[in-house]
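**Student:** Make a model of this:
(chains A and B)
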Amino acid sequence: MLELADLTIRAGAFTLRADMTLQPGERVAVIGPSGAGKSTLLDVIAGFYAPEAGVVRWQGRDITGLAPGARPVSILFQDQNLFPHLSLARNLGLALRPGGGRLGEADTMNVEEALAEVGLAGFGARKPAQLSGGQASRAALARVMLQDRPVLLLDEPFAALGPALKTEMLDRVAALAEARGALTLLVSHDPADARRFAERTVLVADGVAHPPRDTKALFDDPPAALAAYLGA
Amino acid sequence: MARGPVAIIAALAVLALTLVPLGAVMIRAGGFAGFAPGDMEAVRFTLWQATLSALFSVLAAVPVARALARRNFPGRGLLVALLGAPFILPVIVAVLGLIATFGTNGIVNRALAALGLPETTIYGLHGVVIAHVFFNLPLATRLILQGWLAMPGERLRLAASLGLTPWAMFRTLELPMLARILPGAFAVIFVICLSSFAVALTLGGGPRATTVELAIYQAMRFDFDLGRAAALSVVQLALAMVAGLVALRLSGGAGFGAGLDRIVPRWDGQGAVARSLDAGAIAAVALFLLTPLVLVTLRGLPGLVMLPPGMLEAAWNSLWVALVSTALCLTWALPLATRRGELLGLLGIALSPLVLGTGLFLIVRPYVNPFTLALPVTALVNALVSLPFALRILRPEAEAIRADHARLAQSLGLTPWAWTRWVFLPRLRRPLGFAAGLTAALSMGDLGVIALFADPERATLPLYVYRLMGSYQMAAAQGAALVLLASSLALFWAFDRGGRVDA
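**Tutor:** This next block holds a predicted model:
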């Protein structure tokens, strides 16, 4: 399980506290007003930002000091999820071989399978700019599939997609996380995303990342901070 | 992305290669006992010619920049590109072109003679200043043009709707901008002219027109007075440091002028006077820049068939020096393409090649005959001197690459090698090609430290041209100069193009 133990995250005058435990394989939404620190919380879990105090543990092991690539974590950013000058095959190849070496036959097979799984069979030679927004999102998804880490972080990666495409992508992620048993955290400012995707939801507001609650129960009986955000 | 160790090694190498020669010079300079009577004169001349050169360059650039800022005409893009050319133009080629224009048998003097006017001379203070203006007027124009183009369009619109007269327009909008830009432009050009060597070598000389750099060279080559050369080097260093620091403060860091092809829409300057002033400024600057280049090409063509002995070897040497110093410069520039790295790289610009060369000469002399090291030392010094330019080009792009892609690379756990091979270098290709082209062309055309070290058997192409001039073989010199010009431009083009092809 992923433990955030007594975390204090400070960025300038801004402080965020978090203390919670998340189970392997569950799907969790992270919701709250913009600027509340949702992305910062993900950055701390992914290793891009060091907390001022507290510990991040995965299956009991302290990972607070590990480099991003050494963590059991993969992440989809808001943008720049693929290197724009490299073909999809090379992009995905780097996920398999971060040393940048030559891809073996088995690697190439894996890359092709991953592309096929997201409906991009035969797209290996294309560059990201030659894809539509939805295709690029799916290619990025194939990238995290190949990384195959037990924790998957989604930092609003589908925000630029239309509603139908976004729903499709969320369903794909859900299926994928289910199949691999990955703990998935989805940052979103849209309550509908949380309801559709996540069993439990973390509310980030007023400097605190609250421990996760059952999504339905949370939205049916919102605490004051969430009610204010929802405008209900 | 453990760039740390590599960057530190690169930084230490740059530091050692600049500070150790400097130390050698300082130690050898002793108590400045070695000064010759003419040396104060050299200091005075250096300051005076740099002042005049910077002043004329900047003053002449104002009307040209204004014309370029508010006029669109066929060939404008070409003229703006031409303003970048002197940077990669070998000094010796320009000097030959200026001699063909303003020299004793040049077209200007022939025209003056036809009109019955007394002839002018290209040698001495005149010539040094004309050559410096030739090289720096374009730079000044680009700097001032940037100021003009940065003027907010809203203000120009407001001025137009108020119906400001040209004079009121100048007072309220243009004068404040010029007051901000001109001191920096003046200071930058002053610094450049301060360490001018090749121009003074070819057009100056004699007790009345010797720069400090030239005096260093003469102390080394003619008097073999190392103490005096070292003392002069310290003087040069102090001059360049003080002026360099002032220039750095005054100029907000001059770029290479992206986006100079833009024209800000303006509603003023539609009168006949303004139009003819602008046309005159553009015609004059085009004539001033193009005439020497055209003449050197025309006169060089017959010289090409002469293929004087030794020219191919000199060309080969130059090519070799250019390629080695390009490789060296980029090897340094890649890990140092950060803010701190760029500050370090400025060392290379503060130190004149002649001072560096003198220091290296003093260091190697106890162990080997320095003359056998002429070419490697030239390649090394050229790399150091080009480093600030390469960093100025590479740094913004390198930082953008890190900002855009470092997170993804870290999340994938890319090794430093994979990052460099698959992300950093491919993304950096365009500026890398441009920087390589610039370094190669600068090095190909350099006539500086090679003059200090070379013996009769070893020459680069610029030195070879200079020697032909010195022995009054002007036709052969012009032929060789044309070869030099073509190879410098070809090198620049090849590297720059290499960075653009399917990038």
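**Student:** Show me what residue of chain A gets nearest to chain B.
**Tutor:** Relative to chain B, the nearest point of chain A is A:Gly69 (2.0 Å; Cβ to the nearest Cβ). In short, each C-beta sits where N, CA and C put it, glycine included.
**Student:** Flag the shaky bits of the chain, pLDDT-wise.
**Tutor:** No chain in the question, so chain A it is. Across chain A, the ranges flagged by pLDDT under 70 are A:232.
**Student:** my bad, the chain I had in mind was chain B
**Tutor:** B:1-3, B:31-34, B:251-270, B:348-350, B:502-503.
**Student:** how about the residues of it that lie near chain A?
**Tutor:** B:404-405, B:407-408, B:410-415, B:417-419, B:421-423, B:426-427 (Cβ under 8 Å from any Cβ of the partner chain).
**Student:** mind running it again at 6 Å?
**Tutor:** Residues of chain B found near chain A (Cβ under 6 Å from any Cβ of the partner chain) are B:404, B:408, B:410-415, B:417-418, B:421-423, B:426.
**Student:** Just give me the neighbour total for A:Pro24.
**Tutor:** Per other Cβ atoms under 10 Å in any protein chain shown, the neighbour tally for A:Pro24 reads 13.
**Student:** next one: phi and psi at it?
**Tutor:** A:Pro24 adopts backbone torsions of phi -60, psi 140, taken as degrees, to the nearest 10.
**Student:** Can you name the residues bridging to the residue nearest to it when sequence neighbours are not counted?
**Tutor:** The shortest distance from A:Pro24 to any non-neighbouring residue, by Cβ to Cβ, 6 or more residues apart in numbering or on different chains, is to A:Leu183 (5.3 Å). A:Leu183 has the following beta-bridge partners by DSSP bridges: A:Val151.
**Student:** hmm, back to that, buried only: go through the residues of chain B next to chain A for me.
**Tutor:** B:408, B:410-415, B:418, B:422-423 (16 or more other Cβ atoms under 10 Å in any protein chain shown).
**Student:** Now stretch B:301-308: buried residues?
**Tutor:** Applying 16+ other Cβ under 10 Å to stretch B:301-308 flags B:303, B:308 as buried.
**Student:** First-to-last residue distance for it?
**Tutor:** One end of stretch B:301-308 to the other measures 14 Å (Cα to Cα, to the nearest Å).
**Student:** near chain B, which residues of chain A?
**Tutor:** So chain A meets chain B at A:68-69, A:75, A:80, A:83, A:85, A:94-95, A:98-100 (Cβ under 6 Å from any Cβ).
**Student:** switch the cut-off to 10 Å
**Tutor:** When proximity is defined as Cβ under 10 Å from any Cβ of the partner chain, chain A approaches chain B at A:43, A:46-48, A:67-71, A:73-77, A:79-86, A:90-91, A:93-101, A:140, A:143-144, A:146-147, A:149, A:153.
**Student:** Which segments of chain A make up each domain?
**Tutor:** Taking the TED database as the reference, chain A has its domains at A:1-72+A:151-231, A:82-148.
**Student:** Can you redo those as CSV, where the extra columns are distance to B:Pro86?
**Tutor:** Compiled in CSV, the domains of chain A are given as follows (distance: least, Cβ to Cβ, whole Å):
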stretch, distance to B:Pro86
domain A:1-72+A:151-231, 46
domain A:82-148, 34
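**Student:** Tally up the residues packed near the residue nearest to A:Gly25 when sequence neighbours are not counted, please.
**Tutor:** Among residues not flanking A:Gly25 along the chain, A:Gly181 sits closest, at 4.4 Å (Cβ to Cβ, 6+ apart). By other Cβ under 10 Å, the residues close to A:Gly181 number 10.
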